[in-house]
Structures are given as C-alpha cells and as structure tokens.
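Undergrad: pasting the sequence and the predicted coordinates here, then a few questions.
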Amino acid sequence: MPDCREIIMSEEYADFIAEYGASSEAAMVRFKEYCPQTISDRFVCLYEKLDRLPGFGVAKYTYNAIPKLYGLMDTTAVAATGSIRLQNQTGFELTGRGVIIGFIDTGIDYTNDIFNNTTGQTRIINIWDQTNNEGIPPTGFAYGTEYSMEDINRALQSENPFNIVPHTDELGHGTFMAGAACGRYMEQQNFIGSAPESYIAMVKLKPAKQYLKDYFLIDNDEPIYQENDIMLAASYLRTLRIKYGMPVVIVLGLGSGSGDRSGGLPLPRYLDDLAQYIGQSIVVCSGNEGNERLHYSGKAEDDYADEVEIRVGENDTGFVLELWGNPPDLFSVSFVSPLGESVPRIPARKDVSERVNFLLEGTTIDVDYSLVESGNGEELIFMRFTNPSPGIWTIRVYGSNILNGNFNIWGNLRQFMNRDTFFLKPNPDTTLTTPSSSERVLTVGGYDSSSEAFYPKSGRGFTSNNYIKPDIVAPAVGIFGPDIGRSAELSGGFTTKTGTSFAAALTAGCCAQMLEWGFVQGNDVYMGGAYIKSYLIRGADRDRDITYPSRQWGYGKLNVFNSFLILTRT
C-alpha cells in the first residue's frame, strides 16, 4: 500500500471532509487507516480509494463531506484605500511591520525584488508548496514541501535559485496578490503595496483531482482547487501565528459557486472559527458573479410550481445546479426539455438519488435530495445535467409544507460553465461566492476607484439568511501590481488586473496596518478580526445618495486612514 504522502496526491483516491466531536488525537486514532489530516478540533480530511466507493455522490456520502471546487476571482488603487496616508502620516507610519500576511493561492515569484527588504533579504517567512512532494512537508501535514526564510535567502544568493527552492508561480495570481498587499516601494514604477514591510507567507494550492472535476461536470482547463486543501492551507497559516508569535492576516482570493450562501459549508465555518482569535484577521472577496445570470430566486406554494427557465448554450457538455430552501418548507422538482419531453415530479425523500433520462434529447439529469444538510439544516436538491441539449430547459419547483416558500438556485462559477448557459430571469442579488457569506470574516466587494463606479461583476449581498455582506468594497478595477516573467528564470515587470480578489488583497494590507498599531505596538492587545471589521466599517466612505448597508457597497468604500481617525479618538 502506498504511504499517505502518495495517497493524498493520487488521482486514484477520493478526498473527504469529516466533522467529528472528539479531540484531534482521538480523530487520528479513529481514522488512521484513511491518512487523516487534521484541520481543527472540528474537521479532518480523509482519503479512500475510488474503486472502493460505490455510487459516489451527495446522497451516498453527504454534501458537506465532498470537497467543493474553487476558482480564482480575477478577470494605482492603493492610495484610494487610505493606506499610503497611514504609511506616511507622522505618529502612525504603519507599514505592516511585525505582521504576517498569509496567502492561499497559486504561489509566489520569490525572486522578485518587490518582496525583499531594503538590505536585499526576503520578507517571505514561509512557503508551503502543496504541488511539490519532493521535499519535507510542514510539521503536522503529510504532503507538499515547506521552504523557510533561510532557504529562500540562500536561493536568492545563488546563481541558480530554483535549484535550491524549486518553487514557481506559473499563473501569476498569487504573486500579484502578494504584491498588491505587501510589495515594497519601487520608485521607478511609482508603486507601493498596502503593507510594504509586512512578512509574507504563501501556500501554493495543488490542483483539484479529476474525479471531482468530473463529478461537478467541469471539462475546461481553468485553474481549480479543492475545499479540503484550502482548509489545510488556512490551518497551516494559523500555525505560523503560533510559531512566530506574530499576528496573521489570512487572505483568500478564491471563491466557489457551491453552497447555501449562509456559511454552512466546512470552509466558511472553519474560517469563522479562525476569525474569532485575537491577533488574527480573515479577509475574503465577494467574487465576480454579480452579473453572470447564474442565480435564480423563486417562491413556491403548496400545490403550485414555480417554473424556472434556464437557457443552455451550444456545445454545453454539462453543469450542476443547487437548489436551497429553508425548513419547514419542502421542495421537489420536475423537468421539461427544449423539445417538450417531460418527467413527472420526483418526490422529495431523504438521501435519495434518482437518474432521469431524456431519450429524445440524449440528456441525463441526476437528482440528489438532501432534506437536512448538516451545515445549516437547509434542504438541498443537487442536480447534474449531463450532455444537455441546447435550448430552454424548465425546472418546475414544487412546494409542500410551505411556510415561507422562498428558494434559491445557483449554478457553478462562470469560468466553469458554458458562457451561453444562464437563467432567463436571473437575480443579481445574493451572488456572493463561498466563503464570502461567512459571518465573522471580512468580506470585500469591488469598485472602480478611477470612476467611483461599482464594479458590476462584484458579488452582491445579502446572504441567503439576510446577514449583511459584503462588509465593505475596495478598488478592484485596473489594479497595478507585479507580473511574472515568461520563464522561471525571469521575474516579470508590472501589469494591471481586475477582480474582487485584488480588492481583498489591498484590504488585507490595511488589516496588517491595524494589527501593527494595535497588537504589535501594544495600543490594543485584544485586536483581532472582529475589532478590525468594526473599525473598517465605521471608517468607510459613504455616499449620500446610497442607502447603507447596501447589497452592492456593503457599509461603504474602504478608507483605513479614516478608520484610524475614529479609532484614536475613542
């Protein structure tokens, strides 16, 4: 039998997220044959051979146990956040000193001078490369390779740095995120990050396994990552907070189209747990799904069906939809194809999976009912459309035992779906991506700092249970930051990117400034995620013609300088 390090990376093994009610030590004993990777005292990752798993799916293994898939949220804003004023203001001069900003992303070009200090030494305190299984993994984790600050400095002094630290960022997203948040002043390019003297930690996520891409019917080459690897990455960054005794800002520039948008999945629940700690802040983006027409909001009544129409584009090989509804309401579905072929109502029964074949269309729809999902108690109807014929499909949503009748249906992220597949009557609200609906994390939407206009792709609130999200918005359009080179041996110059992930990166730098003032300098030793979110909300810029909190703008535009004026007056 292969060892756990090989099993975790193997395409022949499935990954699961298990929730347990015992100590982590007890979990390791209980699940020892499944290569357990402890995330916290609540969650553990397990691995089992695929050929031992009959009938893989939601009805068999529960929705929360199956890792969801996440994509990157990207498609001279630093000054607009107020962070440069804090860097230069006498009495503050806050640059993130003594604070770690941790990124869960695509890696980092550690050879770029933008991540060094003035003496040429790196500010990257650690890298965990989950994709490289050749070196020594971090303590407590069974896969990937960890590189220390000493390793990186030795590499920078070498003529062939990648012989010492063979870590690269092939996509450039993580490098750009770290540059926007932590890049040092580059006079020639007139560039500086939000927290240019902070330490940097990077987790390079390993790509998602093929069996999960197949299950969620994703057949393109877009970058895609697994929920359990992201949770383990966050757990690792948490250990750095303990190891170095420094406050940590964890920033996530990814999102998923899966989930209830009320924080019920394992990742948002875990991030909510982390956000409660003193000296720690969690920053996530609201996603870029605001105008993608992949959210439907409906209402069903007893013995009345709401007809949901979705247009399926040419050459669409398949997609998934998730219907979520609150108890005591109970929902069930039937389908009508573009050619008028229909199937009767499929009764809602506990943990039932049913396959529907449309003979004229050559289409298969798998329907899984989960009447009570473990994360939030809501009902889930998970629908997989395989080889859907193009045209207008109708999903009839029936209600029984109705008290409220409201339900939501979400598709996957736009980059994982056919561009021409969308709801005919979409709702642009509640288009937050997971995990941005988490209650305690700082959720950041996007706007254009040059025109002051809302970024139309930015995910909109509120959550499905009407919690206020996003919390604030930050610049997300035309953000200036470091590029990667055309080869591993050549660091890139600078470029511009757009997306709410970069709004989150800029905000993370501002959070580091607050932690420097409060935690590092001792002005507020209890400063953590809740404090930071509260002060940023209070200091946000608000326009007179907008009602706040807003589904688009949250509580307003990030202005960390104004937040400090309020903080130091109280």
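TA: Everything's here; your move.
Undergrad: distance between the ends of stretch 156-165?
TA: Start-to-end span of stretch 156-165 (Cα to Cα, to the nearest Å) is 9 Å.
Undergrad: what sits up against that stretch?
TA: 110-111, 116, 120-122, 127, 147, 151-152, 154-155, 168, 488-489 (Cβ atoms under 8 Å, 6 or more residues apart in numbering). Placement of C-beta: from N, CA and C, glycine included.
Undergrad: in it, which residues are buried?
TA: 156, 161, 164, 165 (16 or more other Cβ atoms under 10 Å).
Undergrad: and the pLDDT at the second one?
TA: Spelled out, that is residue 161. Per-residue confidence (pLDDT) for residue 161: 95.
Undergrad: related to what we said a few turns ago, and the buried residues of stretch 156-165, which is closest to residue 544?
TA: residue 156 (50.7 Å; Cβ to Cβ).
Undergrad: need the next SSE after the helix or strand bottoming out on mean pLDDT in the chain, C-terminal direction.
TA: Sorting the helices and strands of the chain by mean pLDDT, DSSP states H and E puts helix 83-88 at the bottom, at a mean of 64. Per DSSP states H and E, the first helix or strand lying C-terminal to helix 83-88 is strand 100-105.
Undergrad: report the angle between the very next helix or strand once past that following strand and strand 100-105.
TA: Using DSSP H and E, the helix or strand that follows strand 100-105 in sequence is strand 124-129. If you take axes from the mean of the first three to the mean of the last three Cα atoms, to 10 degrees, strand 124-129 sits at 20 degrees to strand 100-105.
Undergrad: so for strand 124-129, what's the average pLDDT?
TA: 98.
Undergrad: which residues are contacting that strand?
TA: Outside strand 124-129, the residues touching it (Cβ under 8 Å, 6+ apart) are 100, 107-108, 110, 115, 137-138, 141, 144-149, 152, 165, 167, 199-204, 233, 236, 240, 244.
Undergrad: show me which of the residues you listed are buried.
TA: Buried among those by 16+ other Cβ under 10 Å: 100, 107-108, 110, 115, 137-138, 141, 144-147, 149, 152, 165, 167, 199-204, 233, 236, 240.
Undergrad: now, those residues that are in helices?
TA: 149, 152, 233, 236, 240 (DSSP state H).
Undergrad: so what pLDDT did the fourth one get?
TA: Note for residue 236: predicted pLDDT of 98.
Undergrad: make 320 the first number, not 1, from now on.
TA: New numbering, starting at 320: the last item is residue 555.
Undergrad: got the contact list for it?
TA: Counting by Cβ under 8 Å, 6+ apart, residue 555 has contacts 447, 457, 460, 522.
Undergrad: now do the last one
TA: Going by Cβ under 8 Å, 6+ apart, residue 559 touches 419, 421, 444, 445, 520, 565, 567.
Undergrad: pull the number of nearby residues for residue 507.
TA: 6 (other Cβ atoms under 10 Å).
Undergrad: tell me the spacing between it and residue 793.
TA: Computed as Cβ to Cβ, to the nearest Å, the residue 507 to residue 793 distance reads 26 Å.
Undergrad: which of the contacts of stretch 475-484 are buried? Put it as a ChimeraX command.
TA: A single ChimeraX command suffices to select whichever of the contacts of stretch 475-484 are buried according to 16+ other Cβ under 10 Å:
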select :429,430,435,441,446,466,470,471,474,487,807
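Undergrad: nearest to residue 538, of the contacts of stretch 475-484?
TA: residue 487 (26.4 Å).
Undergrad: that closest one reaches residue 426, doesn't it?
TA: Yes - assessed by Cβ atoms under 8 Å, residue 487 is found in contact with residue 426 at 6.3 Å.
Undergrad: checking residue 327 next. Helix, strand or coil?
TA: Under DSSP: H, G, I helix; E, B strand; the rest coil, the three-state class of residue 327 is helix.
Undergrad: nearest spatial neighbour of it, chain-adjacent residues omitted?
TA: residue 462 (4.3 Å; Cβ to Cβ, 6 or more residues apart in numbering).
Undergrad: can you check residue 842 too?
TA: Using Cβ to Cβ, 6+ apart, the nearest residue to residue 842 is residue 836, at 5.4 Å.
Undergrad: helix or strand right after the helix or strand harbouring residue 712?
TA: In the assignment (DSSP H and E), residue 712 maps to strand 710-719. Later in the chain than strand 710-719, the nearest helix or strand by DSSP H and E is strand 725-729.
Undergrad: about what we covered before: I'd like the ones in helices among the buried ones among the contacts of strand 443-448 as JSON lines, with distance to residue 829 appended.
TA: Converted to JSON lines, those look like this (distance: Cβ to Cβ, whole Å):
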{"residue": "468", "distance to residue 829": "24"}
{"residue": "471", "distance to residue 829": "26"}
{"residue": "552", "distance to residue 829": "22"}
{"residue": "555", "distance to residue 829": "23"}
{"residue": "559", "distance to residue 829": "20"}
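Undergrad: out of the contacts of residue 559, the closest to residue 765 would be?
TA: Nearest to residue 765 among these, with distances taken as Cβ to Cβ, is residue 421, at 21.4 Å.
Undergrad: which stretches of the stretch 570-719 of the chain form helices?
TA: 585-593 (DSSP state H, counting those that start in this stretch).
Undergrad: low-confidence ranges, it, go.
TA: 693 (pLDDT under 70).
Undergrad: same question, the stretch 370-519 of the chain
TA: 393-405, 407-411.
Undergrad: thinking again about what came up before, most surrounded residue in the contacts of residue 559?
TA: Going by other Cβ under 10 Å, residue 421 tops the contacts of residue 559 with 29 neighbours.
Undergrad: identify the residues contacting the closest residue to that one other than its chain neighbours.
TA: Computed as Cβ to Cβ, 6+ apart, the closest residue to residue 421 that is not its neighbour in sequence is residue 556, at 3.7 Å. Residue 556 sits next to 419, 421, 423, 520, 522, 567, 569 when contact means Cβ under 8 Å, 6+ apart.
Undergrad: mind doing that once more with 7 Å?
TA: Residue 556 sits next to 421, 520, 522, 567, 569 when contact means Cβ atoms under 7 Å, 6 or more residues apart in numbering.
Undergrad: got phi/psi on the closest residue to residue 737 other than its chain neighbours?
TA: Nearest in space to residue 737, with sequence neighbours left out and distances taken as Cβ to Cβ, 6+ apart, is residue 635 at 4.0 Å. Backbone torsions of residue 635, given as degrees, to the nearest 10, read phi -80, psi 120.
Undergrad: residue 635 contacts residue 735, doesn't it?
TA: No - counting by Cβ atoms under 7 Å, residue 735 is not a contact partner of residue 635; they are 11.6 Å apart.
Undergrad: gap between residue 777 and residue 568?
TA: 21 Å.
Undergrad: compare the two (neighbour count), which wins?
TA: residue 568 (34 against 29).
Undergrad: distance of the more buried one relative to residue 414?
TA: 14 Å.
Undergrad: got it, and residue 717?
TA: Residue 717 is 58 Å from residue 414, by Cβ to Cβ.
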